[in-house]
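# The following comprises the amino acid sequence and a computationally predicted model.
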Amino acid sequence: MAKILKEMLNFSCSIRRLNPNPPPLSPFPLKSLQNRPSIRLMASTNTQQHRSTSDFLTIRPYHHPSWASNLNPIPSYAFSLGHFPTPIHKWNLPNLPKDTEVWLKRDDLSGMQLSGNKVRKLEFLLADAVAQGADCIITIGGIQSNHCRATAVAAKYLNLDCYLILRTSKALVDKDPGLTGNLLVERLVGAHIDLVSKEEYSRIGSLTLTNLLKEKLIKEGRKPYVIPVGGSNSLGTWGYIEAISEIEQQLQKGTSRTSFDDIIVACGSGGTVAGLSIASWLSELKTKVTAFSVCDDPDYFYDYVQGLLDGLEAGINSRDIVKIENAKGLGYAMSSAEELKFVKEVAETTGVILDPVYSGKAAYGMMKDMAQNPAKWERRKILFIHTGGLLGLFDKAEEMASSVGGWRRMDIDESIPRKDGTGKMF
Ligand SMILES: Cc1ncc(COP(=O)(O)O)c(C=O)c1O
């Protein structure tokens, strides 16, 4: 145990290089870890391929894939927060081009309250927070941010307080944000919520907003750890570097052993696609990665992903390893009737529920391109990464009401005898 704690301290020092303005190291990281009974520090030698349910919520030494050895810094520890590996299965989407196969990587099944793509990033980020002796986490995002919800749940699992700065419209910023979708989970686990308007967010910026809260908490004697929007910094990127290693192992174990021609994923803050693309390029997979952006323009994301790659000393141009397409449509978290109809049709024909904000838009973008350019996709084997976000769907319930299935009063013939007053359900 002492060895693990000592190594975690070293790990924390190496990770500090990720941030040009790192927070000072806590002088008491070992003490703060030992004082947290809910954190199980297991001297586990388990690697990703040997993860088991008994590792859940324990910290494990991280063994990076050999092809990632030249990246720097390399994390030494990660928490086991998700249920990995997530399944890969064939996705029987209708109207595919000739001989095109689409497969799904079910990262939406990485957990329940703590689910989706953010879990992979949080495994590394929260290990760093704990190593730095943090007693609370600050993060920021949109009002229905899946990342904020996942962070709030993971923080509580580790006995850390969680502070969320949530962006909403000017008209709603002074009102109770309600209990829909992600908000219900965040409020149930007792996350502290600060609302800001979209105007304040774009004028002040997420970095300054989180720093303001951080300074306030430090003055109150707290030790906050800040996670950026979407968990997308160079450390968080390791989550999807590790996902590629997981996919490699799944392919090796599979019967066909054939690889994929394309990996397709939604892009919201850039960390997921950065990890997938650098890892696919470094590993033997060499699968072409395409991301569908759901908020900013492709140029913004090429630059953002470049920053993440530079933070890992990857020495590669983002434009050489990923293609970013625009699937923003009406705007971030705004869905057209056609997009919502698509989400409904996919659910009805395949049983897979896409969230309308991320994977729904990415899959819609993919299918639209397939319809417009079928020859480009013919005979390709595609792996679509479902990044989760089911709770965000509840925010769209009213908009979807007209397209979802109906209901009826059960028709029971008058002649069927009724038993009154038994007081039993069955
Ligand atoms: C459900 C879901 N899918 C995809 C994304 C996009 O991932 P990233 O932020 O790493 O680009 C996000 C978050 O932004 C998300 O919440």
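Arrived safely.
# from memory residue 85 sits against residue 248, does it?
No. In this structure, residue 85 is not within contact of residue 248 by Cβ atoms under 8 Å, at 10.6 Å. No exception for glycine: its C-beta is placed from N, CA and C like everyone else's.
# Tell me the residues of the stretch 1-150 of the chain that contact the ligand?
With Cβ under 6 Å from any ligand atom as the criterion, the stretch 1-150 of the chain comes near the ligand at residues 116, 117, 146, 147.
# and if you look at the stretch 301-426 of the chain?
So far as Cβ under 6 Å from any ligand atom goes, the stretch 301-426 of the chain lies against the ligand at 355, 358, 387, 388, 389.
# Could I get the full set of strands for the stretch 301-426 of the chain?
Assigned by DSSP state E, counting those that start in this stretch, the stretch 301-426 of the chain shows strands spanning 322-326, 381-386.
# So which of these is nearest residue 404?
strand 381-386 (20.1 Å; Cβ to Cβ).
# Please state the offset of that closest one from the chain centre?
With Cα atoms, centre = their mean, to the nearest Å as the basis, strand 381-386 stands 16 Å off its chain's centre.
# cool, stretch 240-255 as well?
18 Å.
# re the thing from before, so can I have CSV of the residues of the stretch 1-150 of the chain next to the ligand showing neighbour count, distance to residue 351 and secondary structure?
Shown next, in CSV, are these (neighbours: other Cβ atoms under 10 Å; distance: Cβ to Cβ, whole Å; DSSP: H, G, I helix; E, B strand; the rest coil):
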residue, neighbour count, distance to residue 351, secondary structure
116, 27, 18, coil
117, 33, 20, coil
146, 27, 21, helix
147, 30, 26, helix
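# Return the nearest residue of the stretch 51-200 of the chain with respect to the ligand.
Of all residues in the stretch 51-200 of the chain, the one sitting closest to the ligand is residue 146 (3.3 Å; Cβ to the nearest ligand atom).
# wait, doesn't that residue sit right on residue 393?
No. Using Cβ under 8 Å, residue 146 makes no contact with residue 393, being 10.8 Å away.
# Now do the shared contacts for these two.
Common contact partners of residue 146 and residue 393 (Cβ atoms under 8 Å, 6 or more residues apart in numbering): residue 355.
# start to end distance for stretch 385-399?
Using Cα to Cα, to the nearest Å, one end of stretch 385-399 lies 25 Å from the other.
# give the contact list for residue 139.
Neighbouring residues of residue 139 by Cβ under 8 Å, 6+ apart: 147-148, 151, 162-165, 210, 226-229, 231.
# Filter the residues you listed down to the buried ones and hand me the ChimeraX line.
To isolate the buried members of these in ChimeraX, using 16 or more other Cβ atoms under 10 Å:
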select :147,148,151,162,163,164,165,210,226,227,228,229,231
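# Export the contacts of residue 139 as TSV, with columns for pLDDT.
Converted to TSV, the contacts of residue 139 look like this (pLDDT from 0 to 100):
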residue	pLDDT
147	98
148	98
151	98
162	98
163	98
164	98
165	98
210	98
226	98
227	98
228	98
229	98
231	98
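# Output the below-cut-off pLDDT ranges for this protein.
By pLDDT under 70, the low-scoring segments of the chain are 1-50, 255-257, 421-424, 426.
# Can you check which helix is longest in it?
In the chain, assigned by DSSP state H, the helix with the most residues is helix 234-253.
# packing partners for that helix?
Contact partners of helix 234-253 among helices and strands, from 3 or more Cβ pairs under 8 Å, 6 or more residues apart in numbering; DSSP states H and E: helix 118-131, helix 271-282, helix 298-311.
# so what's residue 113 up against?
By Cβ under 8 Å, 6+ apart, the residues touching residue 113 are 149, 153, 185, 189.
# what does residue 346 give?
Per Cβ under 8 Å, 6+ apart, neighbours of residue 346: 93, 352, 353, 354, 363.
# Looking at these, spot the one nearest residue 201.
The closest of the contacts of residue 346, once distances to residue 201 are taken by Cβ to Cβ, is residue 354, at 26.4 Å.
# burial count for the closest one?
Burial of residue 354 is recorded as 28 neighbouring residues (other Cβ atoms under 10 Å).
# Give the closest residue to it in space, chain neighbours not counted.
Nearest residue to residue 354, sequence neighbours excluded (Cβ to Cβ, 6 or more residues apart in numbering): residue 360, at 4.1 Å.
# Distance of that neighbour relative to residue 331?
The gap separating residue 360 from residue 331 is 14 Å, by Cβ to Cβ, to the nearest Å.
# So for these two, which sits in the more crowded spot?
Neighbour count, other Cβ under 10 Å: between residue 360 and residue 331, residue 360 has more, with 27 against 9.
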